[in-house]
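> The sequence and its predicted three-dimensional model are supplied below.
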Amino acid sequence: MNVHVTPEPNMYRYDEFDRKFVDARVAQFRDQVARRLDGTITEDEFKPMRLMNGLYHQLHAYMLRVAVPYGTMSSRQLNVLADIADRYDRGYGHWTTRQNIQYNWIRLEETADILDALADVEMHAIQTSGNCIRNTTTDAYAGAAADELADPRPVCELIRQWSSLHPEFTYLPRKFKIAVTGSPNDRAAVRVHDIGLRMHLNEKGERGWEVLVGGGQGRTPMIAVTVRDWLAEADLLPYLTAVMRVYNLIGRRDNKYKARIKILVHEMGAEAFSAAVEKEFAEAPKETIEVDARELHRISSYFAPPAWETLPAFVPEIEEKKLADRGFRQWLSANTAAHKVPGYTIVNASFKPAGGIPGDATSEQMRAVAKLADEYSFGEVRVTHAQNLTLPHVRTSDLIEVWEKLKEQDLAEANIGLIGDIISCPGLDYCALATARSIPVAQEISTRFADIKRQHDVGPLKLNISGCINACGHHHVGHIGILGVDKKGKEFYQITLGGSSAENASIGKILGPGFGAEEITDAVETVVDTYLNVREQGEEFLQTYRRLGAAPFKEALYAGN
Amino acid sequence: MNDVTEDCSEYVVTANEVLSGDTVFRASDDTWVRGIDGAAVLKCEDTGFVALGEAQKDEHANIVMGAYLVEVSRESGAVRPVHIRERIRALGPTVRADLAQVAQGFSTSEVVDQ
């Protein structure tokens, strides 16, 4: 009999402090729930406590948002997420744009049991809500990407440890999101976060960080400004502390819609804000929070590369399969990415089947990906901010097998980065804040563009949909963005064009009057067809838009009206 | 002069059950039911507010939370919220038939048709 041994990937492990802290939080929450249910505390009193533990109340039920720190998890953790979906929810979960997972049908009385199950595999739901520093996000390809300077996850973990329950930053003016990239090709959307960190190397090969502040989406989208071109790694936490202190002290608390740090940076001006941060940084004592090289080394050791083999980069059978099988060729082209080690490939599992719900994952799919991770990727899985999963370290020679197994689970749609890979918030089908549905729009568009060859002919095109102005579906940074609004009780959809969350980030511009639910897919198709008509050889959608502006698209959509 | 009682809208009282978080509606026997089809329909806002006041006692008793009035209309004899948000809240997500309230046995209605 074969005994299957689950490999343990190299990732951060709880120390005694982490374990006690998380266990204590679960026990506290269990007591808080009991007091809520016996009437000792009211909903108004209970609400901030449940939110601090990731428990929201949405349109239909309680929703639990579980943190996946910087999007990295083990197959063991993913299996537990699948078990939670089956045992405590309705057999599925939803990958979020912040690399987390949400469960939509949670019962209050069972929540502490779920948190216990999560704690058993070193997971929790802390800081997935509330006006605190949220789960730090990063490149889903971290530690694997051919184009990265270094793995950014040790710094993400450092930030997690620094920010977790930091007494000074527990009651910020508003929520606060940090994203980190170790690659010049930004897959972490750092310029639309409250703080974005971008790794650079100096001429000596030393690592340093560019600090960007004041980006964000929501009702007032802004691109972050660089407040420091270069920050030595040892200064990272003191500098982040300085940024947080300036924000905490003078960020607005009188109006929640003007309380994010982007408003402060905008109102002060980038120069004045930077000066205030530099002053705080210069004056504050640093000894206690400087990034001790030994400590960073200790954290980094958790993220040591897996035991990669020495493999040939060129695998003849893969090349032959590419030539012989168009489906495989398309999948390879869209759903894989270059690995830093020859003979390995990064593989994305697409949770965007044509007509499907973007980011929804059944427990069966979760277990299947966990099994693939065990068999082919050192037991390691990533959640992407585009609501897919990644197997970061797959042997190139295993790609055909992995492709076949993903197909069995409907996870091999060859559409990563294409129009079918739609980012969508849950919208009015689930969300208490939404003003319009977003999932049905995504389903209709992905069905319209179901032909994979057509998607590949169109080329890279990010289409993002939000069901309200809060922009959880990242519509502001979609090459094509769709914002659902309520207009006298009817759902209407505005189109924005030209957004990007990449290193050349930009906020999309509204094209013109909105469209009814029955018109929006046709409108998107008109935009795409217009692009195909006016693009130059090899030009991607965003490049065409930036070259020509909105005029040809407006003309195509509105000229007859 | 208009006959106010004939023109006034109809309402149901809704809330969420504390334990499950589920959407519930106030029935005519002052219990809470999961399907809107079992809700007591209240003629005119004034009547609705009286019923809401009674229902809010169950908030203090920790049975439900966030009780409020929802305007409804009759569609083929069924009581349905007027606004799409409330229709989806009452009938379940529109994107998976198995998650709709009708599939859970709480409503005789199909999913929201907007």
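Structure received. Residues are numbered from 1 along each chain as shown, chains lettered A, B, ... in the order given.
> Distance check, A:Pro392 against A:Ala282.
From A:Pro392 across to A:Ala282, the span is 40 Å (Cβ to Cβ, to the nearest Å). Placement of C-beta: from N, CA and C, glycine included.
> more crowded one of these two?
Comparing A:Pro392 with A:Ala282 by other Cβ atoms under 10 Å in any protein chain shown, the one with more neighbours is A:Pro392, at 26 against 10.
> Count the residues that sit near A:Phe301.
Careful, residue A:301 is Ser and not Phe. Residues lying near A:Ser301 (other Cβ under 10 Å) number 11.
> wait, is it part of a strand?
No: using DSSP: H, G, I helix; E, B strand; the rest coil, the assignment for A:Ser301 is helix, not a strand.
> list the contacts for it?
Going by Cβ atoms under 8 Å, 6 or more residues apart in numbering or on different chains, A:Ser301 touches no other residue.
> Check it and give its pLDDT.
In this prediction, A:Ser301 carries a pLDDT score of 93.
> Could you do A:His456 as well?
Confidence score, pLDDT, at A:His456: 98.
> Tell me, how many residues neighbour it?
Around A:His456 there are 17 other residues, counting by other Cβ under 10 Å.
> Give me the neighbour count for the residue lying closest to it once chain neighbours are set aside.
Computed as Cβ to Cβ, 6 or more residues apart in numbering or on different chains, the closest residue to A:His456 that is not its neighbour in sequence is A:Gln330, at 5.8 Å. For A:Gln330, the neighbour count with other Cβ under 10 Å is 20.
> May I have the secondary structure class of A:Val155?
Under the three-state scheme (three-state DSSP), A:Val155 adopts helix.
> Near chain B, which residues of the stretch 51-200 of chain A are found?
Applying Cβ under 8 Å from any Cβ of the partner chain, we find that the stretch 51-200 of chain A lies next to chain B at A:57, A:59-62, A:90, A:106-109.
> on that earlier part again, secondary structure element holding the residue nearest to A:His456?
Assigned by DSSP states H and E, A:Gln330 falls within helix A:326-335.
> Check the gap between A:Lys488 and B:Gly66 for me.
Separation of A:Lys488 from B:Gly66 (Cβ to Cβ): 25 Å.
> For chain B, name the helix or strand with the lowest mean pLDDT.
helix B:4-7 (a mean of 53; mean pLDDT, DSSP states H and E).
> I'd like the next helix or strand past that helix.
Helices and strands here follow DSSP H and E; after helix B:4-7, the next one along the chain is strand B:10-17.
> wait, does the next helix or strand after that following strand make contact with chain A?
Remark: after strand B:10-17, the chain's next helix or strand is strand B:23-26, criterion DSSP H and E. Yes: Strand B:23-26 is in contact with chain A by Cβ under 8 Å from any Cβ, via B:Thr23.
> can I have strand B:23-26 written out in CSV, keeping just the CAs?
C-alpha atoms of strand B:23-26 as CSV (Å, rounded to 0.1, in the frame of the first residue of the first chain):
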residue,chain,number,x,y,z
THR,B,23,-33.1,36.6,6.5
VAL,B,24,-36.5,36.1,8.2
PHE,B,25,-39.9,37.6,8.0
ARG,B,26,-42.6,38.3,10.6
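> quick one: it to chain centroid distance?
When distances are taken as Cα atoms, centre = their mean, to the nearest Å, strand B:23-26 is centred 6 Å away from the chain's centroid.
> Which elements pack onto that strand?
Under the contact definition 3 or more Cβ pairs under 8 Å, 6 or more residues apart in numbering or on different chains; DSSP states H and E, strand B:23-26 sits against strand B:10-17, strand B:32-33, helix B:84-91.
> nearest to A:Ala361, of these?
Nearest to A:Ala361, of all these, is helix B:84-91, at 22.2 Å by Cβ to Cβ.
> ok, residues contacting the closest one?
The contact list for helix B:84-91, computed with Cβ under 8 Å, 6+ apart, reads A:59-60, A:428-429, A:434-435, A:437, A:486, A:489-491, B:14, B:23, B:25, B:36, B:70-71, B:80-81, B:94, B:100-102, B:107, B:109, B:111-112, B:114.
> Which of these are buried, as a PyMOL select command?
Buried subset of the contacts of helix B:84-91, written as a PyMOL selection, criterion 16 or more other Cβ atoms under 10 Å in any protein chain shown:
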select buried, (chain A and resi 59+60+428+429+434+435+437+486+491) or (chain B and resi 14+23+25+36+70+80+81+94+100+101+102+107+109+111+112)
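> for the residue of the stretch 251-400 of chain A found nearest chain B, helix, strand, or coil?
Residue nearest to chain B within the stretch 251-400 of chain A: A:Ile357 (5.8 Å; Cβ to the nearest Cβ). Following three-state DSSP, A:Ile357 is assigned to coil.
> Which one's more surrounded, A:Lys488 and B:Gly66?
Taking other Cβ under 10 Å, A:Lys488 and B:Gly66 do not tie; B:Gly66 has more neighbours (12 against 5).
> ok, the more buried one touching A:Asp44?
No: if you go by Cβ atoms under 8 Å, B:Gly66 and A:Asp44 don't touch, sitting 10.5 Å apart.
> what packs against the longest strand seen in chain B?
Criterion DSSP state E: the longest strand present in chain B is strand B:64-75. If you count contacts as 3+ Cβ pairs under 8 Å, 6+ apart, strand B:64-75 packs onto strand B:10-17, helix B:45-55, helix B:57-60, strand B:78-81, helix B:84-91.
> so can I have CSV of the ones you listed showing mean pLDDT?
Converted to CSV, the helices and strands packed on strand B:64-75 look like this (pLDDT from 0 to 100):
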stretch, mean pLDDT
strand B:10-17, 96
helix B:45-55, 93
helix B:57-60, 93
strand B:78-81, 94
helix B:84-91, 95
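> Nothing else from me, thank you.
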